[in-house]
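Chemist: fold the following for me, if possible:
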Amino acid sequence: MSAVPREVAVVATSQTNAYRLFNDSEPKLIMRCVNDLLEQTGLERDALEFTIAGSCDYLSGMPFAFVMNIDGVGAWPPVYESHVEMDGAWALFEAWLRLQLGDIDVAVVIGSGKSSPGRPREVFPLQTDPYVMAPLGMDPVSLAGIQARALLDAGKAAERDFAEVVARSRRDARQNPHAQLATESTVDELLAAPYFSAPLRMHDLPPVSDGAAAVVIAAGDRARELTDRPAWIRDMDHRIESHHPGLRDLTRSVSTELAAERVALADGPIDVAELMVNYSPEELILRDALGLSNGTAVNPSGGPLAGHPVMATGLVRVIEVAERVRSGSASRGVAHASSGPCLQQNLLCVLEEGG
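Modeler: This is a model prediction of the structure:
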């Protein structure tokens with residue numbers, strides 16, 4: 001692989017609505033997106049040289065459930081196929097690396113998940129440390145509450161700051177046709193709501209959502225052939241921290257800081273940032289880690305607080321930035337995805353126009 005990254009761009013995107021309950025199969029969600037991408041690009045299925053999906057067998061409760069999702073792509077004609085037990089943003093990272101090898105030019109990336117059939121607060125603790133955290137039932141909401149408390153105790157935030165994030169996110173979501181929650185509430189109204197897992201209220205949590213998202217990425221001149229306005233992936237990086245929250249400073253996201261340095265985020269202005277804010281206090285931590293200015297539009301789609309299709313949420317952040325770059329409303333943006341409790345692992349994708 002060359003020391004200079006091969007040019008790769010997002011050339012087409014698709015996402016379903018974030019549904020509270022999608023009363024059909026996950027492959028059906030995926031099929032909608034893949035058919036949409038084929039229509040947008042004019043590609044036949046055999047032109048999708050590499051297919052990779054991100055999903056979670058924990059959600060369906062079946063081993064190798066991701067194999068069924070291939071039905072949504074089309075198992076014929078045969079193509080190279082891969083899977084990550086992660087958000088679709090990490091599938092994008094693998095596809096981007098795959099295109100760096102130079103032997104293929106086009107890949108389709110998918111993220112999908114249905115949270116509605118199960119109870120996420122009971123499912124996801126099973127992924128945590130089996131000796132300490134899982135026996136204690138340390139679910140994501142409780143850990144997010146601990147992180148929020150750490151911010152408050154350190155004097156880095158107030159509950160009003162959390163409510164301001166929610167109010168802006170839900171308001172901005174009114175312009176997003178895919179959003180599940182789009183309401184107009186004042187900060188004071190939000191603060192009057194009862195606690196759910198103190199100091200978090202229900203609106204500080206993401207909704208339970210079903211959904212899917214997909215993108216086509218292509219290299220160099222192939223990308224220019226497929227669209228007049230590609231969104232170029234200038235760099236990607238992801239970093240991980242200890243799976244023991246007690247070994248981390250929960251008021252910071254060191255892994256995000258390191259990733260931002262690696263992709264040279266500070267080398268130019270950021271017009272738009274789509275951040276995987278699953279819990280409202282996370283936005284404050286991520287803004288600080290990324291060094292975002294007041295001129296950066298943060299989560300203009302409403303972000304995950306308006307719709308959280310698990311395993312597609314991070315890829316949706318990439319789609320939202322890519323579409324703003326492709327439309328000309330932004331020239332440079334950053335998409336962020338996270339995995340694990342309390343922002344344990346973080347991925348950044350920088351997208352730009354031109355080239």
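
Chemist: going forward, measure contacts and count neighbours with C-alpha atoms only.
Modeler: Fine.

Chemist: sketch out the low-pLDDT regions of the stretch 251-355 of the chain for me.
Modeler: Low-confidence regions of the stretch 251-355 of the chain, defined by pLDDT under 70, span residues 355.

Chemist: what ranges do the strands span in the stretch 51-200 of the chain?
Modeler: 80-84, 106-114, 195-197, 200-201 (DSSP state E, counting those that start in this stretch).

Chemist: CSV for those strands, including distance to A154 and mean pLDDT?
Modeler: Output for these, formatted as CSV (distance: least, C-alpha to C-alpha, whole Å; pLDDT from 0 to 100):
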stretch, distance to A154, mean pLDDT
strand 80-84, 36, 89
strand 106-114, 35, 96
strand 195-197, 19, 95
strand 200-201, 16, 98
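
Chemist: among those strands, which is nearest G333?
Modeler: strand 106-114 (19.7 Å; C-alpha to C-alpha).

Chemist: sheet partners, orientation included, of the closest one?
Modeler: Note on strand 106-114: by DSSP bridges, its sheet partners are strand 50-54 (parallel), strand 210-219 (antiparallel).

Chemist: next one: that strand to chain centre, how far?
Modeler: 12 Å (C-alpha atoms, centre = their mean, to the nearest Å).

Chemist: stretch 271-291 too?
Modeler: 12 Å.

Chemist: list the buried residues in it.
Modeler: When burial is assessed from 16 or more other C-alpha atoms under 10 Å, stretch 271-291 yields the following buried residues: 271-287, 289-290.

Chemist: for the strands of the stretch 51-200 of the chain, which one sits closest to E353?
Modeler: Of all these, strand 106-114 comes closest under C-alpha to C-alpha, at 19.0 Å.

Chemist: now do the closest one against strand 80-84, angle only.
Modeler: Strand 106-114 and strand 80-84 are oriented at 40 degrees to each other (axes from the mean of the first three to the mean of the last three C-alpha atoms, to 10 degrees).

Chemist: on that earlier part again, among the buried residues of stretch 271-291, which are located in helices?
Modeler: Residues of the buried residues of stretch 271-291 located in helices (DSSP state H): S280, P281, E282, E283, L284, I285, L286, R287, A289, L290.

Chemist: now do the second one against L205, distance only.
Modeler: Yep, that's P281 we're talking about. 10 Å (C-alpha to C-alpha, to the nearest Å).

Chemist: re the thing from before, dump the strands paired with strand 106-114 to TSV, plus distance to E257 and mean neighbour count.
Modeler: Shown next, in TSV, are these (distance: least, C-alpha to C-alpha, whole Å; neighbours: other C-alpha atoms under 10 Å):
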stretch	distance to E257	mean neighbour count
strand 50-54	24	25
strand 210-219	26	28
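
Chemist: now the ones you listed as JSON lines including distance to R149 and mean pLDDT?
Modeler: Shown next, in JSON lines, are these (distance: least, C-alpha to C-alpha, whole Å; pLDDT from 0 to 100):
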{"stretch": "strand 50-54", "distance to R149": "32", "mean pLDDT": "95"}
{"stretch": "strand 210-219", "distance to R149": "29", "mean pLDDT": "98"}
